[in-house]
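Peer 1: pasting a predicted model and its sequence here:
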Amino acid sequence: MVQVTDLDTFSALLAPEGQALLAELRDFDPADELAAATRLRRDHPAPLVSAALGQARLRQRAAAKFGADAWLMYFTPNGVEQSTRTAVATHRAARLAALGVRSLADLCCGIGGDAIALARAGIRVLAVDRDPLACAAAQANAEALGLAALIEVRCAEVAEVDTAGYDAVFVDPARRGKVRGARIFDPEAYSPPLSWAVEAARTAPFAALKIAPGVPHDALPEDAETEWISDGGEVKEAVLWFAAAPGGAPAPTPGGRRATLLPAGDSLLGTGLPDPEAGPVGDWLYEPDGAVIRAHLVADVAAQVGGRLIDPTIAYITADRLAATPYATAYAITDVLPFHVKKLRALLRERGVGTAVIKKRGSAVEPEELRRKLKLGGGGNSCTIFLTRVAGAPTMLLGHPADAPARALTPGR
């Protein structure tokens, strides 16, 4: 697939002929791309057709992040990969607005995904990027979504931009390499490096700095609150929050560790609890959200539900009673068994289990490998299988979600 790589071709997409092509390709099937290209090139320049096809494919990919807005927006390949999904950007913009932020410098803005959410929250944005094509896309996106009055796009090196006079700074360093878009795990290899971004954040009354969720905790600055955000159970990013004069809510808590779960918006700020003790598996198992695990807040959730760990090294919580928490999914446990494939297969057949959800934590066995070996039949019952360790021993836990009917299994403990 040919992508737009120069400003002239991108400008042609914004002209009436390019707009007509994009409208015609709104619902095209990527499997028919060759036929579509051949047909369209009869009436339109080949470079423009290729650019429109590439943009149509990017819009289809971006729909998962931007929803209906994607069909109005313009993207680069890196912009689709690295931009923040709308739900997360909207959460961050709402938090900044609640802090009283009315103007913000968005450094490394890319195609403008965060700038859009910020502007919709009523914040005036200076969107800066050094990539001319990304800036052209950001400008086009601001205009396409009716936000140009609140978004000023500037093509420049972020280090050369004076952010004085803005209420806040937001920095989103590039975390993918130039070769095949490989992820960068060393924070100092970000572009710009994390250390530069932190110093830039410290110059503003408020600041938010987007980082990879797998960042080592020992790399986190102690004068920032770190928030891990998941959306639909999938961890999306971490954010360093700075405030020149931390004070009342919702101001960031220096050194704080927070997990926020979207779309509900539940947010848990850690209290510094020590790791809970490990103990025997009870009637209930809690699987903490990934943001809770990344933020090292499993102990806080265990305290909420009156639980304990099943193993000192495993982030599964067990309890003898069911307690409500938005930060973990609860399962009723019916069986605790040593790991043994043949015995598990026989047990599932005996109970008429035809479908199983297989989860793992602390096990070398891959779920799909186990699924092949189980050879599940056509039984009408279902269950959840956890491959894990209990007190250091490879173990299988069988059960079902707390809100599911208990018809799948008969307790066998």
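Peer 2: Good, I have the coordinates. Computed from a prediction, not measured in an experiment: that's the story for all the values here.
Peer 1: quick check: closest non-adjacent residue to residue 336.
Peer 2: Distance criterion C-beta to C-beta, 6 or more residues apart in numbering; nearest residue to residue 336, sequence neighbours excluded, is residue 281 at 4.9 Å. C-beta here means a position set from N, CA and C on the backbone, and glycine is covered the same way.
Peer 1: just checking, the one you found touches residue 335?
Peer 2: No - look at residue 281 against residue 335 with C-beta atoms under 8 Å: they stay out of range, at 9.7 Å.
Peer 1: hey, what's in contact with both of the two?
Peer 2: Common contacts of residue 281 and residue 335, defined by C-beta atoms under 8 Å, 6 or more residues apart in numbering, comprise residue 397.
Peer 1: the two: which is more packed in?
Peer 2: residue 281 (24 against 19; other C-beta atoms under 10 Å).
Peer 1: how about the helix or strand where residue 197 lies: buried residues?
Peer 2: Using DSSP states H and E, residue 197 falls within helix 194-201. Buried residues in helix 194-201, counted by 16 or more other C-beta atoms under 10 Å: 194, 196, 197, 198, 200, 201.
Peer 1: list the contacts of it.
Peer 2: 107, 158-159, 163, 169, 171, 173, 187-188, 190, 207-209, 211, 219, 221, 224, 240, 242.
Peer 1: 10 Å instead?
Peer 2: Residues outside helix 194-201 that contact it (C-beta atoms under 10 Å, 6 or more residues apart in numbering): 105, 107-108, 158-159, 161, 163, 168-173, 175, 186-188, 190-193, 207-212, 215, 219-221, 223-224, 240-242.
Peer 1: which of those residues fall in helices?
Peer 2: The members of those all map outside helices under DSSP state H.
Peer 1: so among the residues you listed, which ones count as buried?
Peer 2: 105, 107-108, 158, 161, 163, 168-173, 175, 187, 190-192, 207-211, 215, 220-221, 224, 240-242.
Peer 1: OK, contacts around the residue nearest to residue 336?
Peer 2: With C-beta under 10 Å, 6+ apart, residue 281 has these contacts: 308, 310-311, 316, 318-320, 333, 335-336, 386, 388, 390-391, 395, 397, 399, 413.
Peer 1: ditto for residue 321
Peer 2: Here residue 321 is in contact with 282, 283, 284, 305, 306, 307 (criterion: C-beta under 10 Å, 6+ apart).
Peer 1: and those residues, which is closest to residue 65?
Peer 2: The shortest approach to residue 65 among the contacts of residue 321 belongs to residue 305, at 33.0 Å (C-beta to C-beta).
Peer 1: give me the phi and psi angles of the nearest residue to that closest one once chain neighbours are set aside.
Peer 2: Distances taken as C-beta to C-beta, 6+ apart place residue 323 nearest to residue 305, at 4.1 Å, with adjacent residues excluded. Phi and psi for residue 323, reported as degrees, to the nearest 10, are phi -130, psi 140.
Peer 1: count of neighbours near residue 323?
Peer 2: Other residues lying near residue 323 total 13 when counted by other C-beta under 10 Å.
Peer 1: can I assume residue 141 sits in a strand?
Peer 2: No - assessed by DSSP: H, G, I helix; E, B strand; the rest coil, residue 141 does not belong to a strand; its assignment is helix.
Peer 1: which ones are touching it?
Peer 2: 66, 69, 72-75, 79, 111-113, 115-116, 127, 147-148, 151, 153.
Peer 1: ok, now with 8 Å
Peer 2: Residue 141 touches 72, 73, 74, 111, 112, 116, counting by C-beta under 8 Å, 6+ apart.
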